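[1] Below is the sequence, then the predicted model.
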Amino acid sequence: QVQLQESGRGLVTPSETLSLTCVVSGGSLSSHTWWAWVRQPPGNGLEWMGEIHHSGSTNYNPSLKSRVTMSADKSKNQFSLKLTSVTAADTAVYYCARDGRRGFGAWGQGTLVTVSP
Amino acid sequence: FMLTQPHSVSESPGKTVTISCTRSSGSIASAYVQWYQQRPGNSPTTVISEFDQRPSGVPDRFSGSIDRSSNSASLTISGLQTADEADYYCQSYDSSAAIFGGGTKLTVL
């Protein structure tokens, strides 16, 4: 059973870049189609940020497109998220997830990123 | 498009509750709809996929459906238990993007 684990800095200064990595275990990054990032601000709902295919193709949420970059490293079986020019509004729990186009069948445990001076 | 859910619903243990998810434009049947349960402090888990499919391990008390006339999807939970108290999110696809509903807080009184 595939498992996902997010890692990265939990505190980011405003205007800097948020960087997170998701390690995939129990399966191959190449074995399913899309790998996504979903975030959830405290007390709010889920927001799809974007996704990356194991081939390297990406799709991003239009509201974040100018600030988001996703990449994949098949040799390390992991994929990554970078979000630039962060503000307090980017404070959220960030989840990585597997999307087989029939929903998100596997999720990481989530990591809280706080944007604060 | 947007997916609109009621902000909250409540019902008593043993009863049945239905949570709606209305698509603002385009047909509800044009892309799979999923339902996720999220308990406080936990990651979402799938309770219904592909409109009405229950993943392994999900009790048959959970069921999903769509209604083309109202352009909506529904999650029905029968025989409510206190453990069902959680937030529930519907999710579908718009071309190459995933869309989530705003979530519904289910309270089991």
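    That came through fine.
[2] Whether the lengthiest strand in chain B contacts chain A - can you check?
    Using DSSP state E to assign secondary structure, the strand with the most residues in chain B is strand B:86-94. Yes. Using C-beta under 8 Å from any C-beta of the partner chain, strand B:86-94 comes into contact with chain A via B:89, B:91, B:93. For glycine as for every other residue, the C-beta is placed from the backbone atoms N, C-alpha and C.
[3] Which one (most neighbours) among the residues you listed?
    In terms of neighbours by other C-beta atoms under 10 Å in any protein chain shown, the residues of strand B:86-94 next to chain A top out with B:Gln91 at 26 neighbours.
[4] tell me the contacts of that one?
    Applying C-beta atoms under 8 Å, 6 or more residues apart in numbering or on different chains, one finds that B:Gln91 lies in contact with A:46, A:103-104, B:3, B:33-36, B:98-101.
[5] May I see the residues of strand B:86-94 next to chain A arranged in JSON lines, with pLDDT as well?
    Compiled in JSON lines, those are given as follows (pLDDT from 0 to 100):
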{"residue": "B:Tyr89", "pLDDT": "98"}
{"residue": "B:Gln91", "pLDDT": "98"}
{"residue": "B:Tyr93", "pLDDT": "96"}
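[6] nearest to chain A, of these?
    Nearest to chain A among the residues of strand B:86-94 next to chain A: B:Tyr89, at 5.6 Å, using C-beta to the nearest C-beta.
[7] Including distance to A:Gln3, secondary structure and pLDDT, could the contacts of B:Gln91 go into TSV?
    TSV is the format used below for these (distance: C-beta to C-beta, whole Å; DSSP: H, G, I helix; E, B strand; the rest coil; pLDDT from 0 to 100):
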residue	distance to A:Gln3	secondary structure	pLDDT
A:Leu46	20	coil	98
A:Gly103	17	coil	92
A:Phe104	14	strand	95
B:Leu3	28	strand	98
B:Val33	26	coil	98
B:Gln34	20	strand	98
B:Trp35	22	strand	98
B:Tyr36	18	strand	98
B:Ala98	21	strand	96
B:Ile99	26	strand	97
B:Phe100	22	strand	98
B:Gly101	26	coil	98
